[in-house]
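>>> below are the sequence and a predicted model; questions follow.
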Amino acid sequence: MSRNLILGACLSSLVVLAALVSFVWTPYDHAALNIPDKLQPPNARHWFGTDHFGRDMFSMIMVGARTSIAVALVAVGIGVGFGVPVGLTAAARKGSWLDELIMRGNDLVFAFPSLVIAILITAVFGAGAINAIIAIGIFNIPVFARITRGAALSLWEREFILAARVAGKGAARISAEHILPNVANLLIVQGTIQFSLGILAEAGLSYVGLGAQPPTPSWGRMLADAQTMVSFAPHLALIPGLAIIVTVLGLNLMGDGLRDWLDPRIRVARA
Amino acid sequence: MTKSRYRTFASALAVGASLFATQGWAQSDITIAMQLEPPHLDPTSAAAQAIDSVVYANVFQGLTRFMGDGSIVPSLAASWDISEDGKTYTFKLHDGVTFHDGTTMDAEDVKFSLDRARAEDSANAQKALFAGIETVEAVDPLTVRITLKEPNGNFLFNLAWGDAVIVAPESIENIKTSPVGTGPYTFAEWVQGDRVVLQRNPDYWGEQPALEKATFKFISDPTAAFAAVMAEDVDVFTGFPAPENLPQFEADPRFQVLVGSTEGETILSTNNKQPPFDDVRVRKAMAHAIDRQAIIDGAMFGYGTPIGTHFAPHHPAYVDLTGNSAYDPEQAKALLAEAGFPDGFETTLHLPPPSYARRGGEIIAAQLAEVGIKAEIINVEWAQWLETVFKGKDYGLTIVSHTEPMDIGIYARPDYYFQYDNPEFQKLMETLNATTDEAKRTELLQQAQRIIAEDYVNGYLFQLAALSVAKAGVQGLWVNAPTAATDLAAISWSE
């Protein structure tokens, strides 16, 4: 295992751990306002300081991790859930009108800048975590569809697939039993990357006020709230900013490491 | 490439230096920033305060006008006589007043403006101001006689509003995009989304103002507002949107900070017709669940005066009724239980963009949650707020600052967006409008304040502070905001 993978896994699990622990324990109630204690810099009582309403930043970051992870996870889920079957189908029916339709549909979705469309969706259907998830999720579908199709196409040329066909297995069964396990590695790596992009997208949407609505804490909105106060309370922006950086960096390192570790060609070369 | 870059740099320096040099002389122009851009420039056909902030007393003038201290003084009217019965006002107009297009301003224009404002199909946002007018007659070119149905102690005050300015029939058609008035400044250009420019009117009938040119810039984002002032891109920012930044300006010798009072009663508007808010016990419970000081400190960083009714604290007739709705969550819970909501209820809280609403809303939602009321926060833009809340009345709670002066009369309008329908109050307002005796008016106003406070019509939060930042050399700015206005004629640069 590479250093990248270990470091990435550590950073990511730190964030996941914070999110999980927040279900049972946070130092303070993340929503409890305590105006007289507002804008405290990090100290022994409030490890990450307090925000402009006197809320404990550490608790907010923990619960905010929950929001980020939930949104990104479901969005990746949508991408995998729809994208992979679509990609497998396209590969199995290579060259057919169905393949064309699917891939041109993918191109269409790809052609739009994803965050702009996400803003459009949340603006039309209302701001909120659910709509943010849908908006981010939709743009994960073509990513997974393409990856799956590309990898599956080359697999379809392989002898063991030919053997399976000779044995009388149908295209659907071959896709599920032989193709899918062989593209899983790729999907895990891509899933990690999309997960980190999902976290960034969620932060971006809530930064412009279209993500999770108050009082649900979200890192992006914490950043937005901090904007006018950066000059005298820099921790308000630094802390959620660092949280985003740590998470995205961790996930990307982990994705890189996983790719090296799982890629059969590199594995063979290493051995 | 390097060479050309040097050249650009050098010429930039030269330009910068020459700009600096001209700035050294007595400056005759000013850039004034504000948060909201006006939807158009006709103060007589929209409620938007941003219109008045640009054109009131600069481009357009009325018969009377507000001064910075809230007093009412003559403007286009040189003098007036009030008949014994208080029903007939005879205004003598200033001689030699012309509109910016060169046409003369006379009694016919006054008649046109007032008749237009009070007409059946008038788009005037404050038609109630003119409701008491029976007839307007142009006696001779410089004399106007206005007859009222009933004596109205507030009539001269009503005529001072931006909604009552004098316009000309010749230029009324394009008034929204190229306003033509009688004021000391003429409209020069409007770059939508950015700025409105006004030029000094060389043919002004009164005294020439000090400033030659004024640019109004519209900067809606609080962060950009802070940056624009810090970088000295603007000379003045009126209605500065981020109170948290004011201590920094105060500490900086380049700037002055003006903290005054506005006519803005900031209230938690409540849909009085929507259950459960139709029950006074529920409204009372909410009033006791709210900690005003926490809202002022948390949302406005301490700027603002607590209010207990819909009335400006700096007005002589104000009664302090904050004790009537003191912070008492236990009593709030008891009242909710009594009203049949021991576990609270769910509602919506629509929040328009200003930080008093967005931040105040988060605090109020948390405070209401303490007593079991779950208010779902819905952040809306102004257009959406006007559509859903103000016109559609499809809301539970909302936060907004009512910046019109002396607007307690809105509680006598059952179709107004908070839908308060109390015949007793409506009768009281009728009596008030017909009363001219100052002592009697004060008594009636105080009675009115008590009725709405004891009915807990809305949650009364605080009087919005007038917060402005300006470069140290700017003088003559209004500290208080008795009406939305930027009185350019009063502004000048100190040497």
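Done, it's in.
>>> contacts and neighbour counts: CA atoms only from here.
Fine.
>>> following the chain onward from the helix or strand residue A:59 falls within, which element is next?
Assignment of secondary structure by DSSP states H and E places residue A:59 within helix A:57-92. The helix or strand immediately downstream of helix A:57-92 is helix A:97-111, counting by DSSP H and E.
>>> contacts for that next one next, please.
Contact with helix A:97-111 is made by A:86, A:89-91, A:93, A:139, A:142, A:145-146, as judged by CA atoms under 8 Å, 6 or more residues apart in numbering or on different chains.
>>> same check, this time on stretch A:231-249
Residues from elsewhere that reach stretch A:231-249 (CA under 8 Å, 6+ apart): A:8, A:11-12, A:15, A:39, A:41-42, A:48-51, A:61, A:196-197, A:199-200, A:203, A:219-220, A:222-223, A:226-227, A:229-230.
>>> restrict the residues you listed to those that also contact chain B, please.
A:227, A:229 (CA under 8 Å from any CA of the partner chain).
>>> against which helices or strands is the helix holding residue A:59 packed?
Under the contact criterion of 3 or more CA pairs under 8 Å, 6 or more residues apart in numbering or on different chains; DSSP states H and E, helix A:57-92 touches helix A:3-24, helix A:97-111, helix A:129-156, helix A:171-174, helix A:180-207, helix A:219-226.
>>> give me the residue from chain A nearest chain B.
Going by CA to the nearest CA, chain B is nearest to residue A:228 of chain A, at 5.2 Å.
>>> find the nearest non-adjacent residue to that residue, please.
Among residues not flanking residue A:228 along the chain, residue B:223 sits closest, at 5.2 Å (CA to CA, 6 or more residues apart in numbering or on different chains).
>>> helix or strand: which one has that neighbour?
Using DSSP H and E, residue B:223 sits in helix B:222-230.
>>> hmm, whichever helix or strand comes after that helix touching chain A?
Using DSSP H and E, the helix or strand that follows helix B:222-230 in sequence is strand B:236-238. No - against chain A, strand B:236-238 shows no contacts by CA under 8 Å from any CA, the least distance being 15.5 Å.
>>> which residues touch the nearest residue to residue B:418 once chain neighbours are set aside?
Nearest non-adjacent residue to residue B:418, counting by CA to CA, 6+ apart: residue B:271, 4.6 Å away. Contacts here follow CA under 8 Å, 6+ apart; on that basis residue B:271 touches B:277-278, B:393, B:395-397, B:417-419.
>>> and the residue of chain B nearest chain A?
Chain A sits closest to residue B:223 of chain B, with a gap of 5.2 Å, by CA to the nearest CA.
>>> wait, the residue of chain A closest to chain B sits on residue B:240?
No - the criterion here is CA atoms under 8 Å, and residue A:228 misses it with residue B:240 at 12.0 Å.
>>> any common contacting residues for those two?
residue B:222.
>>> what number of residues lie near residue B:408?
By other CA atoms under 10 Å in any protein chain shown, the residues close to residue B:408 number 19.
>>> please apply the same query to residue B:355.
Per other CA under 10 Å, the neighbour tally for residue B:355 reads 16.
>>> my read is that it contacts residue B:296, right?
No - contact criterion CA under 8 Å: residue B:355 and residue B:296 do not qualify, at 11.4 Å.
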